[in-house]
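Predicted model and sequence below, questions to follow.
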Amino acid sequence: MEIELKLLLSPEDLHRAGRHAAIAALRVGRGRVDRLVSDYYDTADAALAAAGVALRVREVRGRWVQTVKAGGASAAGMHVREELEWQLPGAAPDPGLLAGTSLEKLFASTRVAGRLVPVFRTEFKRTVRPLAWPDGTRAELALDRGSVYAGDRSEPISELELELRTGDATRLFELAQTLSSDLPLRVGHESKAERGYALARLTRRVPRKQERIDLDPAMPAAAAIRRIALACIAHLQANETGFLTGRDPEYLHQLRIGLRRLRSCVSLMRKDVPPERIAALVDELRWLGRGLNPARDWDVLMTETLPPLLRAFPQDPGLAALHARGTRLRRASVTAARDIVRSSRYTGLLLAAGRMLAREDLAALTAGTGELAGSVGNFATRLIGRRDRKLRKRGAALRDATPETRHAARIAAKRLRYAAEFFASLYSPKRVRRQIAALKDIQDTLGRLNDLATAERLLADAAGGARHKPDPRTNGIVVGWCAATANHALTRLAGDWKKFKSARKFWE
């Protein structure tokens with residue numbers, strides 16, 4: 001299993017990182033410098049990429065090495081995956097070497113066999129330094145500088161990788177935190193293979209939703225929480241690049257969902273983990289949420305709430321002025337949110353989370369007692385039961401409830417839904433899907449009501465900044481439209497609640 005931490009720096013800062021005092025203090029033995037040229041192979045329809053497999057042939061000092069990487073996961077910069085290697089007599093790949101491995105069936109299939117072609121190439125200089133810590137941990141530092149090529153397209157490579165050889169993975173994060181205090185680095189989520197596939201346009205970056213989390217009922221609850229937290233971070237980071245470089249507002253939406261799910265997951269530790277161990281992380285997650293919220297509010301207003309008004313009243317000059325001003329304010333809020341995701345503080349948040357989760361025995365954070373000391377099956381059943389009771393208590397008479405009460409019910413529905421999704425693999429899939437669907441309807445309807453309340457505030461902000469404030473007619477259109485839409489949502493909410501109450505409790 002390959003375990004490495006990937007950090008992204010500019011070429012100038014990469015050079016500075018190699019000379020950093022923290023690295024110099026850990027260096028042992030002799031290093032080396034290699035020029036590495038790697039050709040990645042796949043079928044024309046990217047069958048290997050679809051299976052989560054990367055096949056490359058790398059030339060190193062006149063020798064050829066075939067490497068296959070498969071499975072694994074990436075979160076907070078930590079990449080963990082299976083790696084298989086063979087020396088080759090020449091530059092051509094040899095799929096027959098996969099015989100007897102878990103990937104034999106894939107490479108022997110009619111979709112892959114005889115259809116492999118080179119799809120992209122990486123060329124870079126790698127400077128390697130062996131590192132050692134006093135506790136016996138050993139790692140290899142690699143500074144990679146070069147490019148990835150696909151046809152006539154290319155992208156630069158400027159990365160620092162810390163590959164664990166033996167010992168405690170938290171040491172890698174501690175070193176990365178030290179480097180981040182002096183250098184403007186970012187946590188790397190994509191592998192070189194993933195970047196190459198995107199550059200070759202064999203895969204397409206799209207907003208990524210949360211994937212299923214597989215758990216065993218008998219596994220320790222602490223181990224399950226760790227797996228869930230890493231999945232939440234991976235969900236958040238999978239949408240980073242799209243948010244920073246694309247225009248689809250769904251990237252920000254999914255990034256925020258990953259963040260909210262991570263906050264919900266961290267809250268599961270609060271009863272067992274000493275507060276001082278997670279208080280700083282909780283504060284930073286809250287900071288990130290506050291920083292991203294305005295951009296999402298403007299996205300919803302400008303892409304969901306305002307367009308129907310403009311279609312219904314295309315000639316209203318006041319609405320046109322609101323749209324123009326709102327477009328500018330939305331653009332500014334998105335720019336501010338991107339600055340946050342590019343910031344050193346965001347990098348520090350990811351490294352702190354990664355450090356806490358790097359060790360597999362998350363139970364070491366606890367005193368070995370409490371709910372996290374038992375099995376995840378028992379933990380999940382108790383947790384979901386508690387959250388279900390809280391939602392049912394807050395959900396009574398929602399139509400006539402105050403906005404504050406409806407907001408509390410929305411939070412309760414969200415927490416129950418996240419818990420159901422976290423632990424879904426422990427229960428009957430059909431019953432879980434029915435309950436989650438009902439919760440989603442409640443959450444969406446309550447969320448729509450919240451969006452409408454936010455819309456009135458944002459429209460007032462947009463109007464206040466305009467050179468000519470909208471006339472009473474425009475104000476009436478906006479307020480009346482929001483009120484009518486809210487009334488329709490309240491009517492729908494009654495049906496959503498009835499559907500939820502009639503769904504069988506899947507955890508009982």
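Thanks, I have the structure now. Values in this document were obtained by computation on a predicted structure and should not be read as measured data. Numbers count the residues shown, from 1 in each chain.

From now on I want contacts and neighbour counts done on CA atoms only, so please keep to that.
Fine.

Report how many residues lie close to G114.
12 (other CA atoms under 10 Å).

In contact with R153, which residues?
Taking CA atoms under 8 Å, 6 or more residues apart in numbering, we find R153 in contact with L199, A200.

Quick check on it: phi, psi?
phi -110, psi 150 (degrees, to the nearest 10).

Need the per-residue pLDDT for it.
R153 carries a pLDDT value of 96.

Who does it form a beta bridge with?
With DSSP bridges as the criterion, R153 is bridged to A150.

Relative to G100, how far out is it?
Using CA to CA, to the nearest Å, we find R153 at a distance of 37 Å from G100.

now swap in R286 and tell me
Counting by CA to CA, the gap from R286 to G100 is 49 Å.

Doesn't A44 lie inside a helix?
No - judged by DSSP: H, G, I helix; E, B strand; the rest coil, A44 forms no part of a helix; its state is coil.

Surely it touches V117?
Yes - look at A44 against V117 with CA atoms under 8 Å: they come within range, at 7.2 Å.

which residues of the stretch 351-500 of the chain score low on pLDDT?
The model of the stretch 351-500 of the chain has pLDDT under 70 over residues 360-369, 463-471.

For Q210, see how far away the spatially most central residue of the chain is.
Centroid check for the chain by CA atoms, centre = their mean gives L236 as the closest residue, at 1.9 Å. Counting by CA to CA, the gap from L236 to Q210 is 9 Å.

which neighbours do the two share?
G258.

Show me what the mean pLDDT comes to for the biggest strand by length in the chain.
Ranked by residue count under DSSP state E, the longest strand found in the chain is strand 117-132. For strand 117-132, the mean pLDDT works out to 97.

chain center to it: distance?
Relative to its parent chain, strand 117-132 has a centroid offset of 26 Å by CA atoms, centre = their mean, to the nearest Å.

right, and A132 touches R138 too?
Yes - between A132 and R138 there is a contact under CA under 8 Å: 4.7 Å.

ok, D441 touching K498?
No - between D441 and K498 there is no contact under CA under 8 Å: 10.9 Å.

who has more neighbours, those two?
D441 (19 against 12).

Please identify which helix or strand holds the more buried one.
Assessed by DSSP states H and E, D441 sits inside helix 429-464.

Could you give the separation of the following helix or strand past that helix from the chain centroid?
Downstream of helix 429-464, the next assigned helix or strand under DSSP H and E is helix 472-502. From the chain centre to the centre of helix 472-502 is a distance of 32 Å (CA atoms, centre = their mean).

quick check: angle from helix 472-502 to helix 429-464?
170 degrees (axes from the mean of the first three to the mean of the last three CA atoms, to 10 degrees).

So which elements touch helix 472-502?
helix 429-464 (3 or more CA pairs under 8 Å, 6 or more residues apart in numbering; DSSP states H and E).

Could you pull out the buried residues of the helix it packs on?
Buried residues in helix 429-464, counting neighbours by 16 or more other CA atoms under 10 Å, are found at 431-432, 434-452, 454-456, 458-460, 462-463.

sorry, back to before: what comes up buried for the longest strand of the chain?
Per 16+ other CA under 10 Å, strand 117-132 contains these buried residues: 118-132.

before we move on, what about stretch 268-288?
Buried, per 16+ other CA under 10 Å, within stretch 268-288: L268, M269, D272, V273, I278, L281, V282, E284, L285, L288.
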